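Engineer: turn this into a structure:
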Amino acid sequence: MEAIQNQVQSLLDELTGSGREDGVQVAVYHHGVLIVNACSGTADRKTGQPVDENTLFVAMSCSKGITATVIHMLAQQGKLDYDDRIADYWPAFAVNGKQDITIRHVLRHEAGIPQMPENSTLDMICNWDEIIGEVERLTPVWEPGTKTGYHGFTFGWILGEIAQRADGRPFAQIVCEEICKPLGISVELYFGAPEAAEPRIAKLSG
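Structural biologist: Numbering: from 1, shown residues only. I've put the predicted structure just below:
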């Protein structure tokens, strides 16, 4: 196992040393055993804060799989059905041609609303209720259900809001109680990091 650890560490050091990456963190589990735990580089260019095993990284599209899993679990529990209209849970969603969009349409990226709201700001994106209000007002750019287009921007907000309305718990709480705890995941998996965790979050750089 030490050889694998050393190989991964060497690769990470090469990536950060060459400037291809600022900071990298890799953990590998085999049959539930941590066999690689490697870090390299900096978490913040300005301060030089190093990446370590406690550094938190923004996961981005990895969260779509978790979000979809929550929807599948709620379907198993009978709290929703894939062919239910979103408007049945979220009445304000049913405007501008979205009244017949189903949960299945969103899961399959067929809902026709992949675009960010035009007036989006970083502050708005960090305010769940505000961005949900903007998503409600979106107009499909194609007829829902007629073609597929990656809903990279809206997938999480739409399904997250449906999950909250169908279940009654905040989305982050559903993830914690239905996914993390049963699997024994004790590391931080945040959908909205608490203020105390912010100093540990790696800063994105372009």
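Engineer: would you check that W90 makes contact with A166?
Structural biologist: No. In this structure, W90 is not within contact of A166 by Cβ atoms under 8 Å, at 9.5 Å. Using the backbone N, CA and C atoms, a C-beta is placed for each residue, glycine as well.
Engineer: and these two? which has more neighbours close in?
Structural biologist: Using other Cβ atoms under 10 Å as the criterion, W90 and A166 rank with A166 on top: 23 against 19.
Engineer: what's the spacing between the more buried one and A75?
Structural biologist: Going from A166 to A75 by Cβ to Cβ, to the nearest Å gives 9 Å.
Engineer: tell me the centre residue of the chain?
Structural biologist: Taking Cα atoms, centre = their mean, the centroid of the chain lies closest to S63, which sits 2.5 Å from it.
Engineer: where does this structure have low pLDDT?
Structural biologist: 187, 206 (pLDDT under 70).
Engineer: mind redoing it with 90?
Structural biologist: 1-2, 29, 32, 58-61, 118-119, 122, 125-126, 183-195, 197, 204-206 (pLDDT under 90).
Engineer: ok, longest strand in it?
Structural biologist: Secondary structure assigned by DSSP state E gives strand 33-44 as the longest strand of the chain.
Engineer: contacting residues for Q25?
Structural biologist: A38, C39, V51, E53, T55, F57 (Cβ atoms under 8 Å, 6 or more residues apart in numbering).
Engineer: tabulate the residues you listed (TSV), appending distance to N127 and neighbour count.
Structural biologist: Converted to TSV, these look like this (distance: Cβ to Cβ, whole Å; neighbours: other Cβ atoms under 10 Å):
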residue	distance to N127	neighbour count
A38	36	21
C39	32	20
V51	29	22
E53	31	11
T55	25	19
F57	22	15
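Engineer: which stretches of this structure form helices?
Structural biologist: In the chain, the segments counted as helices under DSSP state H are 2-17, 62-76, 86-89, 103-107, 122-125, 128-136, 155-167, 171-175, 181-183.
Engineer: M124 against V135, yeah?
Structural biologist: No. At 10.7 Å, M124 does not count as touching V135 under the criterion of Cβ under 8 Å.
Engineer: who's more crowded, the two?
Structural biologist: Comparing M124 with V135 by neighbour count (other Cβ under 10 Å), the higher total belongs to V135, at 21 against 15.
Engineer: burial measure for the residue lying closest to A111 once chain neighbours are set aside, as a count.
Structural biologist: Nearest residue to A111 in three dimensions, chain neighbours excluded: H105, at 4.4 Å (Cβ to Cβ, 6 or more residues apart in numbering). Close neighbours of H105, defined as other Cβ under 10 Å, add up to 25.
Engineer: do you know how far the closest residue to the residue nearest to the centre of the chain other than its chain neighbours is from T47?
Structural biologist: When the adjacent residues along the chain are set aside, S63 lies closest to G156, with 6.0 Å between them (Cβ to Cβ, 6+ apart). The spacing between G156 and T47, counted by Cβ to Cβ, is 30 Å.
Engineer: quick check: S40 touching L12?
Structural biologist: Yes. S40 lies in contact with L12 (Cβ under 8 Å); the separation is 3.8 Å.
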